[in-house]
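[1] here are the coordinates; sequence isn't available:
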């Protein structure tokens, strides 16, 4: 099952982003895949020049690959979310898709609390 095709400016190619084989049974992975595709679509459609666009694209490409590979590691997801938020978090046009990525990442569990 393949998702929609999106353009990667960093890779300068088109490719499919999907939820991956065997992951349909894990709704968290499906939700993350949907959020990543939505964010990627909105980023690709955003006309303004963003200083960190390439970094945001790299993170979205990595998240899409993680989704295709199966159940992602929560810590890696949180790290990716932080980089993505830093890259596009101030762009109001991308706030809803970014919030969807955050909500999907949170489905994989809360960050462990730091101990003193």
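    Looks like it came in fine. Bear in mind that the values here come from a model prediction, so they are computed numbers and not experimental data. Numbers count the residues shown, from 1 in each chain.
[2] When you work out contacts or count neighbours from here on, use the C-alpha atoms and nothing else.
    OK.
[3] Can you point out the buried residues in the helix or strand containing residue 76?
    Following DSSP states H and E, one finds residue 76 within helix 74-88. Going by neighbour count (16 or more other C-alpha atoms under 10 Å), the buried part of helix 74-88 is 74, 77-78, 80-81, 83-85, 87-88.
[4] what does stretch 48-68 give?
    Neighbour count says stretch 48-68 has 53, 55-61, 63-68 buried, by 16+ other C-alpha under 10 Å.
[5] Can you give the distance of the helix holding residue 76 from its chain's centre?
    8 Å (C-alpha atoms, centre = their mean, to the nearest Å).
[6] Show me what secondary structure element comes after that helix.
    Immediately after helix 74-88, counting by DSSP H and E, sits helix 95-106.
[7] which among the buried residues of helix 74-88 gets closest to residue 41?
    Of all those, residue 41 sits closest to residue 88, with 13.5 Å by C-alpha to C-alpha.
[8] Do I have it right that that closest one meets residue 56?
    Yes - using C-alpha atoms under 8 Å, residue 88 is in contact with residue 56, at 7.0 Å.
[9] so which helix or strand takes in residue 30?
    Assessed by DSSP H and E, residue 30 sits inside helix 27-45.
[10] can you state the direction angle for that helix and helix 74-88?
    Angle of helix 27-45 versus helix 74-88, following axes from the mean of the first three to the mean of the last three C-alpha atoms, to 10 degrees, is 20 degrees.
[11] relative orientation of the helix or strand following helix 27-45 and helix 27-45 in degrees?
    Sequence order places helix 53-69 as the next helix or strand after helix 27-45, per DSSP H and E. Here the directions of helix 53-69 and helix 27-45 differ by 150 degrees (the same axes, to 10 degrees).
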